[in-house]
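*Asks:* How does the following fold in three dimensions:
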Amino acid sequence: MLMASSTLTLLTPAAYFSPLSFTPQSEASVPSSLLKSLKLPPFWPWQNRRKVKMGPLSVSPMGFGTWAWGNQLLWGYQESMDSDLQRVFNLAVENGVNLFDTADSYGTGRLNGQSEKLLGKFIKDFQGKEQGQDEIVIAAKFAAYPWRLTPGQFVDACKASMERLQIEQIGIGQLHWSTANYAPLQELALWDGLVAMYEKGLVRAVGVSNYGPKQLVKIHEYLTARGVPLSSAQVQFSLLSMGEDQFELKKICDSLGIRLIAYSPLGLGMLTGKYTPSKLPRGPRSFLFRQILPGLKPLLSSLEDIAQRRRKTIPQVAINWCLCKGAIPIPGVKTVEQAEENLGALGWRLSGSELLQLENAAEESPKKMIQNIFQTR
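*Replies:* Presented below is the predicted three-dimensional model:
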């Protein structure tokens with residue numbers, strides 16, 4: 001943090017996270033000639049060791065999503081990226097992040113299941129202690145494919161994921177989406193599949209994804225009657241996805257002891273500040289960005305304003321909003337730089353007035369994020 005004079009104040013780790021940390025009173029100072037050789041870290045590892053409960057599990061307050069690991073169509077994955085992704089994984093674990101979200105449907109074409117395979121390899125090759133490996137929690141989603149019609153087939157899907165992940169037990173086994181809107185009988189079989197994989201000890205906990213408030217209450221009641229606790233509910237949740245359903249879902253989760261996992265906390269990249277209506281990402285995302293970005297000026301301006309005052313970045317502020325709302329965000333990461341930036345969202349909290357400023361700005365946006373087509377009521 002630079003001073004107005006020709007010296008740099010060295011701050012304690014606790015002060016580094018304070019928005020008002022710059023107080024040149026009695027701290028030791030060094031000449032500005034050392035500025036070029038002195039590089040302060042974007043985060044302090046020991047600040048990120050706090051864990052939260054998710055059913056029987058202790059997980060980091062933020063996880064990392066791995067949708068991009070194997071997805072060529074949307075995220076431009078190439079196998080040449082694998083060494084960088086290994087460094088991303090190592091950096092995360094070394095700095096206290098132990099929750100990694102994946103799915104058996106992640107990966108395009110011949111790379112189907114690639115995300116799980118990479119995670120399995122990275123866990124096995126992790127250079128840390130075995131204790132660090134044991135603390136890693138994999139949240140694996142199993143697709144509700146139309147050919148998965150029986151509980152046994154869903155259990156087989158879990159076992160196949162375990163093989164790709166090279167682990168003996170999955171942390172959280174999740175139903176990727178509900179079929180209630182188009183195949184209610186299949187839905188019941190998939191619920192029984194969750195029960196079976198839990199009773200067989202294949203997963204330590206079970207969760208759901210893309211469930212709306214009403215359907216979440218139904219599956220919670222069903223699983224509770226079978227003696228299986230529902231530990232997590234994953235939903236699209238961000239400053240671009242904060243509608244009535246999301247907040248109602250959060251209230252239900254709080255009342256039932258379910259952890260809300262927020263996927264796409266950066267709105268597929270729209271809340272990073274990297275893109276403009278004249279600077280769009282490649283691939284299918286550009287069509288969505290072209291519709292929504294022009295109306296995001298109030299929100300992006302508020303994010304930038306708070307980021308500057310807090311000495312943070314726009315993505316860090318957007319992720320911190322999710323943290324302040326009691327959700328566990330799982331931003332996607334492809335590079336070490338992105339991982340470092342995401343880690344900088346931990347260890348501090350937005351104020352009440354800042355949260356209100358961001359939410360008011362988000363309400364001014366004429367268009368919101370398009371919800372997942374499998375999202376139920």
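
*Asks:* just the CA coordinates of stretch 302-310, formatted as CSV?
*Replies:* Provided in CSV are the C-alpha atoms of stretch 302-310 (Å, rounded to 0.1, in the frame of the first residue of the first chain):
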residue,chain,number,x,y,z
SER,A,302,-20.5,0.5,-7.9
LEU,A,303,-18.2,-2.6,-7.8
GLU,A,304,-15.3,-0.5,-9.1
ASP,A,305,-16.0,2.3,-6.6
ILE,A,306,-16.0,-0.1,-3.6
ALA,A,307,-13.0,-2.0,-5.0
GLN,A,308,-10.9,1.2,-5.2
ARG,A,309,-11.9,2.3,-1.7
ARG,A,310,-11.2,-1.2,-0.3
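
*Asks:* Give me the contact list for that stretch.
*Replies:* For stretch 302-310, contacts defined as CB atoms under 8 Å, 6 or more residues apart in numbering pick out 19, 239, 271, 273, 312-314, 316-318, 348, 350, 354, 357-358, 361. Glycine gets a C-beta too; all of them are placed from N, C-alpha and C.

*Asks:* What about those, which are in helices?
*Replies:* 314, 316-318, 354, 357-358, 361 (DSSP state H).

*Asks:* Which parts of the stretch 1-150 of the chain are helices?
*Replies:* 13-16, 72-75, 82-94, 114-125, 130-134 (DSSP state H, counting those that start in this stretch).

*Asks:* Please work out which of the ones you listed is packed deepest.
*Replies:* Comparing these by mean neighbour count (mean count of other CB atoms under 10 Å), helix 114-125 comes out on top with a mean of 21.

*Asks:* For that one, the averaged confidence score.
*Replies:* The average pLDDT within helix 114-125 is 94.

*Asks:* if we can go back for a sec, report the buried members of the contacts of stretch 302-310.
*Replies:* Among the contacts of stretch 302-310, those buried by neighbour count (16 or more other CB atoms under 10 Å) are 239, 271, 273, 312-314, 316-318, 348, 350, 354, 357-358, 361.

*Asks:* Strands of the stretch 1-150 of the chain, residue ranges please.
*Replies:* 7-9, 29-31, 52-54, 57-59, 64-65, 99-103, 137-142 (DSSP state E, counting those that start in this stretch).

*Asks:* Adding mean pLDDT and mean neighbour count, write those strands out as TSV.
*Replies:* Below are the strands of the stretch 1-150 of the chain laid out as TSV (pLDDT from 0 to 100; neighbours: other CB atoms under 10 Å):
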stretch	mean pLDDT	mean neighbour count
strand 7-9	34	18
strand 29-31	42	11
strand 52-54	95	16
strand 57-59	96	20
strand 64-65	96	26
strand 99-103	96	26
strand 137-142	97	26
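
*Asks:* Nearest to E340, out of the ones you listed?
*Replies:* strand 64-65 (12.1 Å; CB to CB).

*Asks:* Okay, now the unreliable bits of the protein?
*Replies:* Across the chain, the ranges flagged by pLDDT under 70 are 1-49, 127-133, 367-376.

*Asks:* Compute the number of surrounding residues for K334.
*Replies:* 17 (other CB atoms under 10 Å).

*Asks:* quick one: contacts for the nearest residue to it once chain neighbours are set aside?
*Replies:* Distances taken as CB to CB, 6 or more residues apart in numbering put A68 closest to K334, at 5.2 Å, once the chain neighbours are dropped. Residues in contact with A68 (CB under 8 Å, 6+ apart) are 74-75, 77, 332-334.

*Asks:* can you redo those as a markdown table with distance to L299?
*Replies:* Below are the contacts of A68 laid out as a markdown table (distance: CB to CB, whole Å):
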| residue | distance to L299 |
| --- | --- |
| L74 | 23 |
| W75 | 23 |
| Y77 | 29 |
| G332 | 20 |
| V333 | 23 |
| K334 | 24 |
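
*Asks:* Which pair of those residues spans the longest distance?
*Replies:* L74 and V333 (14.7 Å).

*Asks:* picking that back up, which one of the contacts of A68 is nearest to Q186?
*Replies:* L74 (26.5 Å).

*Asks:* Now do the same contact list for the closest one.
*Replies:* 67-68, 283-285 are the contacts of L74 under CB under 8 Å, 6+ apart.

*Asks:* The residue most central in space within the chain and E163, how far apart?
*Replies:* When the chain is reduced to its mean C-alpha position, the nearest residue by CA atoms, centre = their mean turns out to be I330, at 0.4 Å. Counting by CB to CB, to the nearest Å, the gap from I330 to E163 is 23 Å.

*Asks:* can you check R259 too?
*Replies:* 27 Å.

*Asks:* Comparing those two, which residue is more hemmed in?
*Replies:* R259 (23 against 12).

*Asks:* What residues does the more buried one make contact with?
*Replies:* Counting by CB under 8 Å, 6+ apart, R259 has contacts 52-55, 231-233, 253, 328.

*Asks:* Throw the residues you listed into a markdown table and include distance to G173, thanks.
*Replies:* Listed next are those as a markdown table, based on distance: CB to CB, whole Å:
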| residue | distance to G173 |
| --- | --- |
| V52 | 19 |
| K53 | 18 |
| M54 | 13 |
| G55 | 11 |
| S231 | 10 |
| S232 | 10 |
| A233 | 13 |
| C253 | 18 |
| I328 | 17 |
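
*Asks:* Brilliant, that's me finished.
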